[in-house]
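Q: build me a model:
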Amino acid sequence: MATGVVILPLLRLKDSLRSGNLRRVFNRWGVRYLSFAQERFDKYSKGGGDWTPLKKSTIDRRRSGTKRSKSSGLPKTTILRDTGVLLNTLDFRTKVRGQLREDLPNGIRVGFGGPARHGSGGIATIADIASFHDSGAGHLPKRTIIAQPDQITIKQMVDDLVDGALREYK
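A: All right, here's what the predicted structure looks like:
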């Protein structure tokens with residue numbers, strides 16, 4: 001029967017996808033998403049996105065000498081980059097405090113998480129600080145950190161899935 005030739009391979013592919021043998025694909029997705037998020041954060045922190053600019057009072061406070069760039073000695077005017085903790089947490093290549101990496105049966109969860117405190121003696125966790133800024137809690141302007149990936153990243157993730165499914169299918 002001609003349909004059996006088509007159905008059998010598709011059933012094998014379906015079983016492969018359901019069996020959870022795509023961990024390599026899910027890990028690749030984590031890398032891709034965090035790379036996207038880190039590049040976006042870097043761009044937006046320098047004024048290249050829709051994040052609300054720093055208030056004049058914040059810039060003036062930095063000009064008073066409390067926050068200076070190590071390389072130029074000039075006042076820093078980047079957004080959410082005083083310590084580098086939030087940006088560094090988005091680096092999938094290294095396991096750092098405040099980072100969330102959780103294997104799920106059908107995927108991976110990455111971002112901010114865990115009990116690591118922000119700063120010495122701080123009350124809030126790194127994940128709390130990220131969440132406060134991400135949602136615009138209190139008087140903070142909303143600066144989305146965990147955003148939907150762009151179309152290029154989505155396409156790369158689809159390609160990862162196809163490649164992984166074909167590898168599992170063979």
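
Q: low-confidence stretches in the chain?
A: Scanning the chain with the threshold set as pLDDT under 70 gives 1-21, 65-76, 168-170.

Q: now with 80?
A: For the chain, the stretches with pLDDT under 80 are 1-21, 62-76, 119-122, 165-170.

Q: all strands of it, in order?
A: In the chain, the strands defined using DSSP state E lie at 99-104, 107-112.

Q: mean neighbour count, the ones you listed: which tops it?
A: strand 107-112 (a mean of 18; mean count of other Cβ atoms under 10 Å). From N, CA and C alone the C-beta is placed, and that goes for glycine too.

Q: show me what that one is packed up against.
A: When contacts are defined as 3 or more Cβ pairs under 8 Å, 6 or more residues apart in numbering; DSSP states H and E, strand 107-112 packs onto helix 23-45, strand 99-104, helix 126-135.

Q: end-to-end on stretch 87-99?
A: Start-to-end span of stretch 87-99 (Cα to Cα, to the nearest Å) is 10 Å.

Q: just to revisit the earlier point, Serialize the strands of the chain to JSON lines and add fields for distance to Ile123.
A: Formatted as JSON lines, those follow (distance: least, Cβ to Cβ, whole Å):
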{"stretch": "strand 99-104", "distance to Ile123": "20"}
{"stretch": "strand 107-112", "distance to Ile123": "16"}
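
Q: wait, which of those is closest to Lys55?
A: strand 107-112 (24.3 Å; Cβ to Cβ).

Q: hmm, who's touching the closest one?
A: The contact list for strand 107-112, computed with Cβ atoms under 8 Å, 6 or more residues apart in numbering, reads 26-27, 29-30, 33-34, 37, 86, 89, 92, 98-102, 126-127, 130-131, 145-146.

Q: show me just the buried residues among those.
A: Among these, those buried by neighbour count (16 or more other Cβ atoms under 10 Å) are 26-27, 29-30, 33-34, 37, 86, 89, 92, 98-100, 126-127, 130-131, 145-146.

Q: report the contact partners of the residue positioned nearest the centre of the chain.
A: Centrality entry for the chain: nearest residue to the mean C-alpha point is Leu34, 3.5 Å, by Cα atoms, centre = their mean. Residues near Leu34 by Cβ under 8 Å, 6+ apart: Leu90, Asp91, Phe92, Val110.
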